[in-house]
Structure formats: structure tokens, C-alpha cells
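> Fold the following and give me the result.
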Amino acid sequence: MKTVIWPPTDKEKTIPLVKKILEGGLKKLHFWVYDESVGQVLMVCDDDVQYRMIDQIDILTINLQDLEVLAQNQIRFTEKYEAIAKEWTVDTAGDLQVRKQGFNGLRNTFGRCGSS
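Numbers count the residues shown, from 1 in each chain. Sure thing, here's the model as predicted:
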């Protein structure tokens, strides 16, 4: 019999909890970044205020003003996680478009869907 000892992991030992983003909470956003150590998006604002989102569906909970702030700032990411980070920006832009133009604005995005 052989005993195998695994080295300690360099991943996060605790998962940071998500704090609700108050209306206007992202007004003083410095940057947002995909944090691959926990698989979340981290948004850093003034006075070391930080917000996290676990899933892209969380974008739907942000008010329009804060969503516009996110859309105006490019998400930071490491090259390895570029595809995941771009999913966040695509979902942000899509949600912003739906809120401003309604679902009719999506017709131009998806081409001739549903037309015969």
C-alpha cells in the first residue's frame, strides 16, 4: 500500500459573500475584474467598497444607472479566462439594451429570428 499526500491548494479557503449593490453603488467604480480564484466578478469602488457577483444572472439585479457604469468600463481578466470575462460584458450589454430599447431592440442583434 502506498500513501499519497497532496500539496496544499493555492485556491481560496473561504468564499467571499455577495453584498447587495445599492442603487448608485457603482457610481465611483474604479474597475471590475473576473476573479478566477473564486469564479466571481469583483467590482472595486472608492473607499475600498467591493461588490461581487457570482453568476451573470446577477446582472439583472443591478439598476440601470449602475449597469451603464459597468458597460462603460472594460472588465479586467487574465488571458486564460478571457472567454468567461467576455460573457459578463456581453450579458451586461444585452441587459442594458433590453432595458433601454425593450426586446424589440434585440431583433437587429439576432437577425431575422422568428420571421417567415
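
> Check which residues of the helix or strand containing residue 83 are buried.
Per DSSP states H and E: residue 83 is located in helix 82-101. Residues of helix 82-101 classed as buried under the neighbour-count rule (16 or more other Cβ atoms under 10 Å) are 85, 88-89, 91-92, 95-97. All C-beta spots, glycine's among them, are computed from the backbone N, C-alpha and C.

> Report all helices and strands that it contacts.
Contacts of helix 82-101 with other secondary structure elements, assessed using 3 or more Cβ pairs under 8 Å, 6 or more residues apart in numbering; DSSP states H and E, are made with strand 29-35, helix 64-72, helix 106-110.

> Now do the same contact list for the residue nearest to residue 74 when sequence neighbours are not counted.
Excluding the flanking residues, the one nearest residue 74 by Cβ to Cβ, 6 or more residues apart in numbering is residue 89, at 7.5 Å. Contact analysis of residue 89 by Cβ atoms under 8 Å, 6 or more residues apart in numbering lists 71, 74-75.

> again with residue 62
By Cβ under 8 Å, 6+ apart, the contact set of residue 62 is 21, 26, 70.

> who wins for neighbours among those residues?
Neighbour counts for these were taken using other Cβ atoms under 10 Å; the highest belongs to residue 70, with 24 neighbours.

> Go ahead and confirm that residue touches residue 29.
Yes - taking Cβ atoms under 8 Å as the contact criterion, residue 70 and residue 29 are neighbours in contact, 7.4 Å apart.

> So for the two, which residues contact both of them?
residue 43.

> circling back: of the buried residues of helix 82-101, which is the nearest to residue 2?
Closest approach between the buried residues of helix 82-101 and residue 2, by Cβ to Cβ: residue 85, at 41.1 Å.

> low-scoring pLDDT stretches of the chain, where are they?
In the predicted model of the chain, residues 11-17, 105-116 satisfy pLDDT under 70.

> try 50
For the chain, applying pLDDT under 50 flags the ranges 110-116.

> Relative to residue 6, how far out is the closest residue in space to residue 69 that isn't next to it in sequence?
Nearest residue to residue 69 in three dimensions, chain neighbours excluded: residue 26, at 4.5 Å (Cβ to Cβ, 6+ apart). Between residue 26 and residue 6 the computed distance is 40 Å (Cβ to Cβ, to the nearest Å).
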